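Undergrad: here is the input, now give the coordinates:
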Amino acid sequence: MELQWTKIFLPEIKELIETKDFKGLRDFLRERHPADIVDILRELDPTERVMGFRLLDKNKISEVFTLFEPIEQEELLKQFTEQNAKDILVEMPPDDRTQLFDELPAHVVEKLLKLLPPLDRKEANELLNYPHNSAGRIMTPEYVDLRMDMTVAEALERIRKTGPNRETIYICYIVDETKKLRGVASLKNIILANPEQLIKDIMNENVFYVHTTDDQEKAAKVVQKYDILAVPVVDNEDRLVGIVTVDDVLDVVQEEATEDFQRMAGIQKIEEEYFRIGFSKRVLNRISWLVILVIAATISQTILKTYSGVLSSVIALAYFIPMLTGSGGNTGSQSSTFIIRALATGGVNFREWWRILLREFKVGAMLGLIMGLIAFTIAAISLKQITLPLTVAISLCIVVSVGNIVGVAIPLFFKFMKLDPAFVSAPLIATLLDATGLVIYFEIASRILATATP
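TA: Below you'll find the predicted structure:
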């Protein structure tokens with residue numbers, strides 16, 4: 001349902017609230033999909049939103065609450081009674097509940113944990129104790145496990161009993177008596193098998209899994225690479241403790257992509273929504289890289305001062321400085337963005353770094369040649385001479401070639417040092433290539449112009 005659709009029905013919803021027709025409002029909300037209910041409730045003021053929540057049945061209220069953003073969830077919890085909050089938290093999937101606790105202040109989490117029954121509280125504490133951004137932190141313990149010595153009939157009976165409380169039943173995980181993961185079996189294969197067959201005879205022993213301490217990004221890559229609905233999570237002794245489902249993977253992919261873009265833009269990681277970030281935090285998140293770039297830019301100032309003699313002898317050289325520095329920085333930013341994304345998605349392997357550099361050298365040389373010819377034509381038409389346009393063309397060709405290689409080499413170096421390549425910000429590469437481009441330009445100009453001067 002589009003948000004536009006929601007706005008069409010908003011006057012009707014408001015009228016039901018104003019006339020206190022709670023039965024009509026309950027019937028209206030009961031027929032809607034949870035995602036549509038979220039859109040509807042977002043259009044209401046806080047008091048009306050809480051009223052709408054209370055009209056939902058117990059199961060749907062938790063599902064709707066889960067679909068709100070963490071910041072919105074925090075605001076809603078402030079409006080709920082302790083009993084309302086407890087009912088919602090108990091019904092929430094453990095992984096979604098952990099994500100909520102991650103976003104809330106420590107004192108609020110402590111208060112909410114006390115509302116949970118002992119078993120749920122223990123489960124929540126266990127998930128919160130795993131490292132931040134780890135597979136253990138985002139996994140859910142709600143999975144269907146089967147024993148190897150079960151018959152298919154016994155397995156189906158267990159699925160019927162435990163399935164309603166599990167995140168997914170389409171993939172079942174086979175464990176031995178010590179809870180060690182031994183295999184997987186799809187619900188399809190179990191249903192189609194002979195009831196008397198043993199689970200160990202139909203299970204797939206080739207299981208792709210991650211450990212609780214592995215980075216959440218690894219779990220996402222396993223799901224993506226092997227096209228599975230969920231990846232099992234095991235502890236250090238290979239005992240099954242949870243699964244990471246595809247919906248959690250989508251959240252991880254979005255989070256990691258956002259973080260990479262922020263780093264590449266020279267911005268510190270920001271998790272809050274735009275309008276929830278205070279003025280001082282917005283400044284602090286951006287100022288560090290800007291200060292570094294200002295200091296780095298003084299290199300260009302020093303270079304201009306060093307070559308002031310060449311520049312003063314041929315003032316026309318200054319006309320093309322923006323073209324040279326801009327082209328080098330843009331090329332470097334392009335290639336760095338391309339390789340950082342390829343490294344993040346597994347599109348390239350660092351072990352093939354020499355092949356990557358060779359390919360990018362060829363690409364850079366071709367880009368430089370094309371742009372050099374264009375620059376030569378533009379400069380020759382505007383200056384009505386050959387020497388200076390030739391200087392500009394050769395310089396631009398080299399600057400673009402160097403910029404392309406530098407843009408690739410720096411992220412690869414970061415990968416070699418076991419650092420996140422996304423820390424290489426595009427503004428930093430552009431600033432460094434500005435200085436490099438100036439040196440190349442003035443060195444070539446001093447030699448060509450000296451040769452051309454009688």
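Undergrad: okay, CA-based contacts and neighbour counts for the rest of this
TA: OK.
Undergrad: list the contacts for residue 24?
TA: residue 16 (C-alpha atoms under 8 Å, 6 or more residues apart in numbering).
Undergrad: okay, domains of this protein per the record?
TA: 3-133, 145-245, 274-452 (automatic domain parsing).
Undergrad: for the helix or strand hosting residue 172, name the packing helices and strands.
TA: Using DSSP states H and E, the element containing residue 172 is strand 171-175. Strand 171-175 sits against strand 145-147, strand 181-186, with contacts defined as 3 or more C-alpha pairs under 8 Å, 6 or more residues apart in numbering; DSSP states H and E.
Undergrad: with distance to residue 138 as added columns, please give the ones you listed in a markdown table.
TA: A markdown table is the format used below for the helices and strands packed on strand 171-175 (distance: least, C-alpha to C-alpha, whole Å):
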| stretch | distance to residue 138 |
| --- | --- |
| strand 145-147 | 19 |
| strand 181-186 | 19 |
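Undergrad: pick the most buried one from these.
TA: Of all the helices and strands packed on strand 171-175, strand 145-147 carries the top mean neighbour count, a mean of 22, counting by mean count of other C-alpha atoms under 10 Å.
Undergrad: excluding its backbone neighbours, what's nearest the residue nearest the centre of the chain?
TA: Among the residues of the chain, the one closest to the centroid is residue 256, at 2.1 Å (C-alpha atoms, centre = their mean). The spatial neighbour of residue 256 that comes closest, neighbours along the chain excluded (C-alpha to C-alpha, 6 or more residues apart in numbering), is residue 217 at 7.6 Å.
Undergrad: read off the pLDDT value for the one you found.
TA: pLDDT, residue 217: 86.
Undergrad: that one contacts residue 252, doesn't it?
TA: Yes: counting by C-alpha atoms under 8 Å, residue 217 touches residue 252, with 6.8 Å between them.
Undergrad: all strands for the protein, in order.
TA: Under the criterion DSSP state E, the chain contains strands at 145-147, 171-175, 181-186, 210-211, 230-234, 240-245.
Undergrad: quick one: closest of these to residue 115.
TA: Residue 115 lies closest to strand 240-245 among those, at 23.5 Å (C-alpha to C-alpha).
Undergrad: for that closest one, packing partners?
TA: helix 135-138, strand 230-234.
Undergrad: nearest to residue 139 among the domains of the chain would be which one?
TA: domain 145-245 (4.6 Å).
Undergrad: any low-confidence regions in the stretch 201-350 of the chain?
TA: 257-278, 281-282, 285, 289, 293 (pLDDT under 70).
Undergrad: all helices of it, in order?
TA: 216-226, 246-264, 279-306, 308-313, 321-345 (DSSP state H, counting those that start in this stretch).
Undergrad: return the most buried member of the ones you listed.
TA: helix 321-345 (a mean of 21).
Undergrad: what's the angle from that one to helix 216-226?
TA: 80 degrees (axes from the mean of the first three to the mean of the last three C-alpha atoms, to 10 degrees).
Undergrad: against which helices or strands is helix 321-345 packed?
TA: helix 387-416, helix 426-452.
Undergrad: avg pLDDT for stretch 12-29?
TA: Here the average pLDDT along stretch 12-29 is 80.
Undergrad: out of the strands of the chain, nearest to residue 62?
TA: Per C-alpha to C-alpha, nearest to residue 62 of the strands of the chain: strand 240-245, 18.4 Å.
Undergrad: give me the nearest residue to residue 117, chain neighbours excluded.
TA: residue 90 (7.9 Å).
Undergrad: could you export the helices of the stretch 201-350 of the chain as JSON lines, including distance to residue 394?
TA: Putting the helices of the stretch 201-350 of the chain into JSON lines (distance: least, C-alpha to C-alpha, whole Å) gives the following:
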{"stretch": "helix 216-226", "distance to residue 394": "44"}
{"stretch": "helix 246-264", "distance to residue 394": "30"}
{"stretch": "helix 279-306", "distance to residue 394": "19"}
{"stretch": "helix 308-313", "distance to residue 394": "17"}
{"stretch": "helix 321-345", "distance to residue 394": "11"}
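Undergrad: quick one, which of the ones you listed is nearest to residue 56?
TA: helix 246-264 (23.6 Å).
Undergrad: re the thing from before, out of the helices and strands packed on helix 321-345, which is the most enclosed?
TA: Highest mean neighbour count among the helices and strands packed on helix 321-345 (mean count of other C-alpha under 10 Å): helix 387-416, a mean of 23.
Undergrad: next one: it to chain centre, how far?
TA: Mean-position distance between helix 387-416 and its chain equals 30 Å (C-alpha atoms, centre = their mean, to the nearest Å).
Undergrad: the inter-axis angle of that helix versus helix 321-345?
TA: 20 degrees.
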